[in-house]
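> The following block contains a protein sequence and its predicted model.
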Amino acid sequence: MTQNQDIAKGLEGVRFTESKLTFINGQEGILTHLGIPIQEWAESSTFEELSLALLLGRLPNAQELAEFDAELKANREIPAQLQDMIRGMPQGAVPMQALRTAVSYLGLLDAQSEDITPEARRAISVRLIAQMSTIIAAIQRAQSGKDIVAPRADLTHAGNFLYMLNGTEPTTEQARLFDIALILHVDHGMNASTFTAIATSSTLSDMYSAMTSAIGALKGPLHGGANEQVMVMLDEVGSPEKAADYINQKLDNKEKIMGVGHRVYKNFDPRSRVLRDYAALVADKEGKSTYYQILEQIEKTVVERLGDRGIYPNVDFYSGTVYTDLGIQKEYFTPIFALARISGWCASVIEYTADNRLLRPSSVYTGESDAHYVPMQDRQ
Ligand SMILES: CC(=O)SCCNC(=O)CCNC(=O)[C@H](O)C(C)(C)COP(=O)(O)OP(=O)(O)OC[C@H]1O[C@@H](n2cnc3c(N)ncnc32)[C@H](O)[C@@H]1OP(=O)(O)O
Ligand SMILES: O=C([O-])CC(=O)C(=O)O
């Protein structure tokens with residue numbers, strides 16, 4: 001029995017709510033948060049300020065930002081039980097699985113976790129934003145057989161993460177570069193992981209359940225997981241002069257190229273332009289890295305072959321070269337995406353649940369009709 005109804009496969013173009021946080025014009029490659037272009041956030045703001053702005057729904061004043069910054073710093077430590085649990089994770093654990101499990105465990109340790117009032121959701125968001133960073137660094141340290149590094153309260157969010165990851169203080173330039181990368185990943189409308197976080201919280205479930213679901217959604221290679229896959233591709237290509245043949249062969253075989261294409265952008269993703277500029281800056285300073293040169297060649301071939309179909313590099317295309325320049329292993333690229341996106345997820349859940357409605361779409365039934373139960377002995 002087929003009902004005569006249209007299907008919005010992949011919910012493409014379906015608007016299920018209103019939001020004041022993020023605007024995207026995919027045709028023109030425009031992205032704004034609270035009406036302010038992403039390029040201005042990247043140039044003039046910080047991860048801390050953008051996170052607070054999304055939670056507030058407006059730009060904070062100096063006192064509000066100082067208080068929020070102090071709150072984040074005061075909440076950086078993670079419980080000893082969670083540290084022990086991270087140390088006990090199997091060697092070779094997939095970092096996104098480890099992160100999903102650690103965030104879930106953090107919820108178990110948080111006495112406020114079941115509180116879904118707006119005040120509690122906000123307080124938990126601040127802790128989650130602060131602690132994602134500590135959790136990811138701790139997972140990386142434990143998996144590399146190193147001691148977990150305690151957070152410092154005299155560093156920025158970005159600087160402290162790099163410090164906890166590497167055990168040495170980053171330069172001001174490195175911390176700022178990482179801060180910009182975080183800003184570019186904070187929020188992006190109703191992407192799959194934000195939608196997942198909202199779907200979970202729309203049942204009036206708790207923040208930790210929503211964030212754990214979102215981490216699971218971000219992990220896949222069609223979404224946040226693409227940044228790691230881009231690095232896998234660069235290693236497969238090996239050198240810039242092999243890039244065009246590699247891409248042409250993949251496209252001839254109808255295989256997808258990681259880090260390009262987007263459900264909404266049918267033009268350059270503006271975040272990929274900002275990341276490309278910074279990647280080029282770092283590459284020029286330190287002598288163009290092979291990775292950067294390969295990416296340039298891949299971009300050229302992809303735009304030549306797929307540009308007229310609206311397929312261009314997305315945010316995951318250049319981020320990996322920036323992270324590699326900062327000494328970060330590719331397995332941690334997607335956790336870093338989560339480290340930034342946690343702010344967007346939390347702000348979106350808070351915004352949606354303020355006027356909540358259970359998310360429950362429908363499907364068109366295409367199965368049998370008028371069937372009857374057949375006893376086992378009468379079946380083929
Ligand atoms: C942070 C983020 O989540 S950004 C996205 C990260 N994901 C990636 O980089 C993975 C690679 N990209 C993709 O798989 C896709 O572009 C998606 C899933 C992101 C979005 O695409 P969708 O809107 O679902 O488009 P869909 O996958 O249906 O593609 C439409 C057409 O473009 C082609 N296409 C889309 N992306 C690519 C790609 N990366 N490489 C080659 N061809 C592609 C498809 O093969 C399809 O061709 P067809 O019409 O001949 O069958
Ligand atoms: O919006 C999307 O579908 C994917 C994306 O770019 C993001 O989440 O940053």
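Good, I have the coordinates. Ligands and ions are numbered 1, 2, ... in the order given.
> Got the phi and psi for the closest residue to D269 other than its chain neighbours?
Leaving aside its sequence neighbours, D269 sits nearest to N314 (CB to CB, 6 or more residues apart in numbering; 4.5 Å). The way it works is simple: take the backbone N, C-alpha and C, and place the C-beta from them, glycine included. Here is the backbone geometry of N314 (degrees, to the nearest 10): phi -110, psi -170.
> hang on, isn't N314 packed against V264?
No - contact between N314 and V264 fails when scored by CB atoms under 8 Å: they sit 9.7 Å apart.
> The two: which has the busier surroundings?
N314 (23 against 19; other CB atoms under 10 Å).
> wait, is Q27 part of a strand?
No - under DSSP: H, G, I helix; E, B strand; the rest coil, Q27 falls outside any strand and is assigned coil.
> Does F23 lie in a helix or a strand, and which?
Element membership for F23, per DSSP states H and E: strand 22-25.
> contacting residues around that strand?
I30, L31, T32, H33, G35, D187, H188, G189, V264, Y265, G344 (CB atoms under 8 Å, 6 or more residues apart in numbering).
> where does the protein have low pLDDT?
For the chain, residues meeting the criterion pLDDT under 70 lie at 1-4, 285-288.
> repeat that for 80
Within the chain, the stretches with pLDDT under 80 are 1-5, 282-289.
> need the next SSE after the strand holding F23, C-terminal direction.
Heading C-terminal from strand 22-25 (DSSP H and E), you reach strand 30-33.
> Figure out how far that following strand is from the centre of its chain.
16 Å (CA atoms, centre = their mean, to the nearest Å).
> List the neighbouring strands of the next helix or strand after it plus their orientation.
Proceeding N to C from strand 30-33, the next assigned helix or strand is strand 36-37, under DSSP H and E. Sheet pairing for strand 36-37, assigned by DSSP bridges, gives strand 30-33 (antiparallel).
> quick one: contacts of the partner strand?
21-24, 37-38, 41, 50, 53-54, 186-188, 269-271.
> Go again with 7 Å.
Identification of contacts with strand 30-33 by CB atoms under 7 Å, 6 or more residues apart in numbering yields L21, T22, F23, I24, I38, W41, L50, L54, D187, P270, R271.
> re earlier: could you give the separation of the strand holding F23 from the chain centroid?
Between the centre of strand 22-25 and the centre of its chain there are 17 Å (CA atoms, centre = their mean).
> What separation is there between the residue nearest to G320 when sequence neighbours are not counted and Y365?
Spatial nearest neighbour of G320, excluding adjacent residues (CB to CB, 6+ apart): M231 at 4.5 Å. As judged by CB to CB, to the nearest Å, M231 and Y365 stand 43 Å apart.
> And the two? Which one has more around it.
M231 (22 against 11).
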